[in-house]
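**Student:** From the sequence below, what's the structure:
(one chain, ligands or ions: 2)
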Amino acid sequence: MPVAGRMADPARVLREVFGYSAFRGPQAEIVAHVVDGGSALVLMPTGGGKSLCYQVPSLCRRGVGVVVSPLIALMQDQVDALREAGVRAAAINSAQSLEDASDAWRAMRAGELDLVYVSPERLLGGAFLQRLAEVDVALFAIDEAHCVSQWGHDFRPEYLQLAALAERFPGVPRIALTATADPRTRDEIVLRLGLGAGRVFVASFDRPNIRYLLRDKDDAKRQLIAFLEDRRGEAGIVYARSRSRVDRFAADLREAGHDAIAYHAGMESGARAEALDRFRRDSGVVVVATIAFGMGIDKPDVRFVAHVDLPKSLEAYYQETGRAGRDGLPAVAWMAHGAGDVPLLRRFIDESDASDAQKRVEHGKLDALVGFAEASTCRRQLLLAHFGERLAEPCGNCDVCLEPARSSDATEPVRKALSAVYRTGERFGAAHLVDVLLGADTERVRALGHDRLTVHGVGGELDRAQWRSLFRQIVAAGLLEPDPEGHGGLRLGPDEKVRPVLRGERRVELRLPPPAAERRRDRRRAAAGGAPSVDAGDDDLLAALKAWRRDLARAQGVPPYLVFHDRTLVEIAARNPATREELSGVTGIGRAKLERHGDAVLALLRMHRRG
Ligand code: ADP
Ligand code: ZN
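**Tutor:** Residues are numbered from 1 along each chain as shown. Ligands and ions are numbered 1, 2, ... in the order given. Here you go, the predicted structure:
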């Protein structure tokens, strides 16, 4: 039974099939353009709502919408989700049986399919395109379109052949979609997919529901466990640099009572698939992973992404943190960063076998990331500025906005720090320099004779964390420089910068963390105040709804979010609808889901009302 009549009105399809009351951002314009037969390139962040941009037009136009996607693992999920909403969808890829594929073809020829998902290999191989010529095609959607770009991080040669679609199906609109905002990639997509005559739609890359929290790293394990303390039972991803660190952090989290699993390329594929499956199906699993994890994860209810090591670039940071909060509910991007990470990352770059030009690019990317981490202005403003987007006001939802630290005159301690660098011979790292300034009586300090220097013990006005922060900031300001060999040592920056400070001719303002005692108090207060959480009308009711969803999902062997998204359950709990009519007004409940689950949900609500 077709849910939407052909040539139906997009707003009606949105409401009746998907259960949403309004298009988001540029969706309405994109959908109207494609329904009219126009081609387009759509740039939208992860979680921005790309799928509806081709799903709705496919239902409004005559014929089947053909969606090309490289992520076979996700196809079945998309198809299942569409079927749950009553849409006639199928997938054709190497994971599909021949029989399923021939069923799909038969349905397509009979005009009984709204959407078909195809891997690029299938679409371009064999006689697929020839056969497709005999079918009404509503549109072609090319998902993950950045795969056509050789500059990008995810080039797939077969994507280049998608240019053929323009020639073979000149009357069929093509819509290419990606979450990669980089202008060079964008131009390449337009060129290679022959989209020159189409329109380019750019959504804001802001993810307002993600809270950015950056922390100075002193003990990443302790800091991570403290951060997760208030987040038990939430799904999340922890990114670490290396396989060994992944294994170690996963073990640490398990020991702290979290349901944590490791994921990296060194594990055998069976164990990896199982980890992935657990993460998708359960709602409280924490995956500790290298960057090998993420592509093709579209779990909507990831509540946090934590970095215990610096990512490779600001782009990588944005993509990785973007996996949090796709459902639009509050989520956190947390990162512990330390100056100690930087020399190591620099060494990785220098020792790679990239060309010198490429190495310069990589160093530049790292600079941008360090600048972001060291900055004292709103994180979101900086992040968006990096993608060429201006946010007029500070966001109010990042550590800088939420935890304003006073910037104050730090000229005197900066002079002490510079002089400690100079007097120890410009070859030690921040950790040792802080030891000297704090007057530490360690074997190393004594062996080097640093206890006899005039700077030994002169830094009592700041504590260790404050000194570390000071060193990071004056490196960022160019007063100190990492040694070119990348051993982590610091030397003085250019004379014209350093001398005025040493002579007392230039004041330096820095934003230092509060003293340790104050930090502990704030931490307790933050914990008591509660992290951003799902604001439900009734916690018990929400729990009951989740339990009902879990049982149903188990029985059907699908991830819970295919039944209903968290957002939908939260809204049901808050509104507590008494009739089908009221229930149908809830976000995410279209006609098919109302039909299928409406009575069960209303019965559960009635029972709960009676107590
Ligand atoms: P993307 O592919 O861009 O990462 P999706 O298409 O998966 O994003 O959409 C992300 C989430 O937002 C999904 O849960 C989707 O149902 C929801 N969504 C998209 N558009 C709307 C809308 N207009 N109203 C409400 N929810 C929407
Ligand atoms: Zn901010």
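
**Student:** Spell out which residues of the chain are next to ligand 1.
**Tutor:** By CB under 6 Å from any ligand atom, the residues of the chain that approach ligand 1 are 20, 23-24, 27, 44, 46-52, 298, 300, 326-327, 565, 587. Bear in mind the C-beta positions are built from the backbone N, C-alpha and C, glycine included.

**Student:** one more time with 8 Å
**Tutor:** Counting by CB under 8 Å from any ligand atom, the chain comes close to ligand 1 at 14, 18, 20-24, 27, 44-53, 143, 177, 179, 298, 300, 326-328, 565, 567, 587-588.

**Student:** Backbone torsions only: list them for residue 305.
**Tutor:** Here is the backbone geometry of residue 305 (degrees, to the nearest 10): phi -130, psi 130.

**Student:** burial measure for it, as a count.
**Tutor:** Residue 305 is flanked by 23 other residues according to other CB atoms under 10 Å.

**Student:** Pretty sure residue 239 is one of the things it touches, is it not?
**Tutor:** Yes - contact status for residue 305 versus residue 239: in contact at 7.0 Å, counting by CB atoms under 8 Å.

**Student:** Find the residues that touch each one of the two.
**Tutor:** residue 320 (CB atoms under 8 Å, 6 or more residues apart in numbering).

**Student:** Mind checking what helix or strand follows the helix or strand of the chain with the lowest mean pLDDT in sequence?
**Tutor:** Here the helix or strand of the chain ranked lowest by mean pLDDT, DSSP states H and E is helix 516-529, holding a mean of 56. Note on helix 516-529: by DSSP states H and E, the next helix or strand toward the C-terminus is helix 539-556.

**Student:** just how off-centre is that following helix within its chain?
**Tutor:** 27 Å (CA atoms, centre = their mean, to the nearest Å).

**Student:** Check which element follows it along the chain.
**Tutor:** Remark: after helix 539-556, the chain's next helix or strand is helix 560-563, criterion DSSP H and E.

**Student:** Contacts for that next one, please.
**Tutor:** 77, 80-81, 84, 281, 283, 299-301, 327, 546, 549-550, 552-553, 556, 597.

**Student:** Closest residue of the stretch 101-250 of the chain to ligand 2?
**Tutor:** Using CB to the ion, the single residue of the stretch 101-250 of the chain nearest to ligand 2 is residue 212, 7.1 Å away.

**Student:** isn't there a strand covering that residue?
**Tutor:** Yes - judged by DSSP: H, G, I helix; E, B strand; the rest coil, residue 212 forms part of a strand.

**Student:** Assess the claim that it and residue 396 are in contact.
**Tutor:** No - the pair residue 212 and residue 396 fails to qualify as a contact (CB under 8 Å) at a distance of 11.3 Å.

**Student:** Show only the entries of the residues of the chain next to ligand 1 found in helices.
**Tutor:** 27, 50-53, 567 (DSSP state H).

**Student:** now, which of those sits nearest ligand 2?
**Tutor:** For these, the nearest to ligand 2 is residue 567 (23.8 Å; CB to the ion).

**Student:** Tell me which other helices or strands the helix or strand hosting residue 347 touches.
**Tutor:** Taking DSSP H and E as the definition, residue 347 sits inside helix 341-351. Packed against helix 341-351 by the contact rule (3 or more CB pairs under 8 Å, 6 or more residues apart in numbering; DSSP states H and E) you find helix 356-374, strand 480-482.

**Student:** switch to 6 Å and redo it
**Tutor:** When contacts are defined as 3 or more CB pairs under 6 Å, 6 or more residues apart in numbering; DSSP states H and E, helix 341-351 packs onto helix 356-374.

**Student:** Alpha carbons of the helix it packs on, in PDB - could you do that?
**Tutor:** Output of helix 356-374 as PDB, limited to C-alpha atoms (Å, rounded to 0.1, in the frame of the first residue of the first chain):
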ATOM      1  CA  ASP A 356      57.400  18.200   2.100                       C
ATOM      2  CA  ALA A 357      54.500  20.200   0.800                       C
ATOM      3  CA  GLN A 358      52.000  17.700   2.300                       C
ATOM      4  CA  LYS A 359      53.900  17.900   5.600                       C
ATOM      5  CA  ARG A 360      53.500  21.700   5.600                       C
ATOM      6  CA  VAL A 361      49.800  21.300   5.100                       C
ATOM      7  CA  GLU A 362      49.600  18.800   8.000                       C
ATOM      8  CA  HIS A 363      51.600  21.100  10.300                       C
ATOM      9  CA  GLY A 364      49.300  23.900   9.400                       C
ATOM     10  CA  LYS A 365      46.200  21.800  10.200                       C
ATOM     11  CA  LEU A 366      47.800  20.900  13.600                       C
ATOM     12  CA  ASP A 367      48.400  24.600  14.200                       C
ATOM     13  CA  ALA A 368      44.800  25.400  13.700                       C
ATOM     14  CA  LEU A 369      43.800  22.700  16.100                       C
ATOM     15  CA  VAL A 370      46.200  23.800  18.800                       C
ATOM     16  CA  GLY A 371      45.000  27.400  18.300                       C
ATOM     17  CA  PHE A 372      41.500  26.200  18.900                       C
ATOM     18  CA  ALA A 373      42.400  24.300  22.000                       C
ATOM     19  CA  GLU A 374      44.500  27.100  23.500                       C
END
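
**Student:** What number of residues are in the vicinity of residue 154?
**Tutor:** The burial count for residue 154: 15, using other CB under 10 Å.

**Student:** now swap in residue 80 and tell me
**Tutor:** Residue 80 sits with 17 neighbouring residues when counted by other CB under 10 Å.

**Student:** Now, the residues of the chain next to ligand 1 that are in strands?
**Tutor:** residue 177 (DSSP state E).

**Student:** domain assignment for the chain?
**Tutor:** 10-202, 210-339+370-402, 408-513, 539-610 (automatic domain parsing).

**Student:** any chance of those in a markdown table, plus mean pLDDT?
**Tutor:** Listed next are those as a markdown table, based on pLDDT from 0 to 100:
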| stretch | mean pLDDT |
| --- | --- |
| domain 10-202 | 91 |
| domain 210-339+370-402 | 91 |
| domain 408-513 | 89 |
| domain 539-610 | 91 |
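
**Student:** Quick check: the residue of the stretch 101-250 of the chain closest to ligand 2 vs residue 594, distance?
**Tutor:** Per CB to CB, to the nearest Å, residue 212 is found 37 Å from residue 594.

**Student:** The two: which is more packed in?
**Tutor:** Counting neighbours by other CB under 10 Å for residue 212 and for residue 594 shows that residue 212 has the greater number, 24 against 19.

**Student:** residues contacting that one?
**Tutor:** Contact analysis of residue 212 by CB atoms under 6 Å, 6 or more residues apart in numbering lists 333, 379, 398.

**Student:** So which of the residues you listed would count as near ligand 2 as well?
**Tutor:** residue 398 (CB under 5 Å from the ion).

**Student:** from the contacts of residue 212, which ones fall inside strands?
**Tutor:** Filtering the contacts of residue 212 for strands - DSSP E - leaves residue 333.

**Student:** Out of the contacts of residue 212, which end up buried?
**Tutor:** Restricting those to buried positions leaves 333, 379, 398, with burial counted as 16 or more other CB atoms under 10 Å.

**Student:** Residue 323 versus the first one, what's the distance?
**Tutor:** Computed with CB to CB, the distance linking residue 333 and residue 323 is 9 Å.
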